[in-house]
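Novice: sequence below, structure please.
(4 chains)
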2 protein chains.
Amino acid sequence: MKPVNKQVYKYRAEILKALAHPLRLAIVDYLGDGEKCVCDIIDYLGEKQSNVSRHLSLLRQTGIVDTRKEGLNVYYSLKFPCTNNFFSCVDNILQRQHEEKKAVLKQL
Amino acid sequence: MKPVNKQVYKYRAEILKALAHPLRLAIVDYLGDGEKCVCDIIDYLGEKQSNVSRHLSLLRQTGIVDTRKEGLNVYYSLKFPCTNNFFSCVDNILQRQHEEKKAVLKQL
DNA sequence: ATATTATATTATAATTTGGTAATATAGTAA
DNA sequence: TTACTATATTACCAAATTATAATATAATAT
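Specialist: Numbering: from 1, shown residues only, chains lettered A, B, ... in the order given. Below is the predicted model of the structure:
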């Protein structure tokens, strides 16, 4: 494997790692609805403020979301361009997983 | 957030976590070329056998790859349906990241 | 100025993940 | 049978990730 490729995989892995957490996926999905302030996101997730804030900052660092400050509030929005395609791909794997499990059970 | 959604995000996160590693991304990319035996993959990656084997088994467990045994060799192949769309989405974010960094530097 | 509110950051402890060496398994060959 | 080869699994330690509590910051209001 070429060193250049190695580097590309490393970069891609960073993006995927940033998405690979239930709360962060929930945030991304929630923001699909449009810009939200942190307080909304905290309410929606029902998680501790510091926890949500840390996940948000990771998403921002990675360039998946954008922020805008207005008074005391900070508004987060998606910069992630292709949520639908992306997740339908993931869900496709999930469906297969499920079908395989069903097939195994059928054999009993 | 509904508990059902929570579960979906957890499942999705598991798939993404399985992909979110440089070596595993390299494997997925390499398999895009067609079925390969473990020995080929080890050579390609230049990593320890046990390490490669562990990454492969994770990919299999998650349903991202499939295996077929032939004599002493085990052949791995992609079950992942939409590599191109998927990664172009990730690369899109990487490009934006890069452009933003460039823009920041320009301001000096 | 002080108080209040929304959000971010830091420190910490628990858990998970990653790499390696050693060992196990399973197929083939002699 | 024994030996050999390809791959998988296990046990171990180091490093990264996570959630929480505590603290800090920054904008507004009094």
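Novice: which stretches of chain A form strands?
Specialist: Using DSSP state E, the strands found in chain A span residues A:36-37, A:65-70, A:73-78.
Novice: relative to A:Ile93, which of the ones you listed is closest?
Specialist: strand A:73-78 (22.5 Å; C-beta to C-beta). (Each C-beta comes from the backbone N, C-alpha and C, glycine too.)
Novice: is DNA strand D within reach of the closest one?
Specialist: No. If you take C-beta under 7 Å from any atom of the strand as the test, strand A:73-78 misses DNA strand D, and the best it gets is 8.9 Å.
Novice: run a quick neighbour tally on A:Glu47.
Specialist: Number of residues near A:Glu47 (other C-beta atoms under 10 Å in any protein chain shown) recorded here: 16.
Novice: close to DNA strand D: what parts of chain A are there?
Specialist: A:17, A:20-21, A:23, A:47-51, A:54-55, A:58, A:69, A:71-72.
Novice: which among those count as buried?
Specialist: A:17, A:20-21, A:23, A:47, A:55, A:58 (16 or more other C-beta atoms under 10 Å in any protein chain shown).
Novice: near chain B, from these?
Specialist: Restricting these to those near chain B by C-beta under 8 Å from any C-beta of the partner chain leaves A:17, A:20-21, A:23.
Novice: enumerate the positions of the longest helix along chain A that are buried.
Specialist: When chain A is parsed with DSSP state H, its longest helix is helix A:83-106. For helix A:83-106, the buried set under the neighbour-count rule, 16+ other C-beta under 10 Å, comprises A:86-87, A:89-90, A:92-94, A:97.
Novice: how about stretch A:63-70?
Specialist: Buried-residue list, stretch A:63-70, by 16+ other C-beta under 10 Å: A:63-65, A:67.
Novice: which of the residues you listed lies closest to DNA strand C?
Specialist: Nearest to DNA strand C among the buried residues of stretch A:63-70, counting by C-beta to the nearest atom of the strand, is A:Thr67 at 5.9 Å.
Novice: okay, the closest one: pLDDT?
Specialist: On pLDDT, A:Thr67 comes in at 97.
Novice: just to revisit the earlier point, now the strands of chain A as a markdown table including distance to B:Val28?
Specialist: Shown next, in a markdown table, are those (distance: least, C-beta to C-beta, whole Å):
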| stretch | distance to B:Val28 |
| --- | --- |
| strand A:36-37 | 33 |
| strand A:65-70 | 26 |
| strand A:73-78 | 25 |
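Novice: right, and these - which one's nearest B:Cys82?
Specialist: Closest approach to B:Cys82 among those is made by strand A:73-78 (20.3 Å; C-beta to C-beta).
Novice: quick one: is that closest one near chain B?
Specialist: No. Counting by C-beta under 8 Å from any C-beta, no contacts exist between strand A:73-78 and chain B, the nearest distance being 10.9 Å.
Novice: and the helix-or-strand element of chain A with minimal mean pLDDT, what does it pack onto?
Specialist: The helix or strand of chain A with the poorest confidence is helix A:83-106; it has a mean of 86 (mean pLDDT, DSSP states H and E). Judged by 3 or more C-beta pairs under 8 Å, 6 or more residues apart in numbering or on different chains; DSSP states H and E, helix A:83-106 is in contact with helix B:3-19, helix B:83-106.
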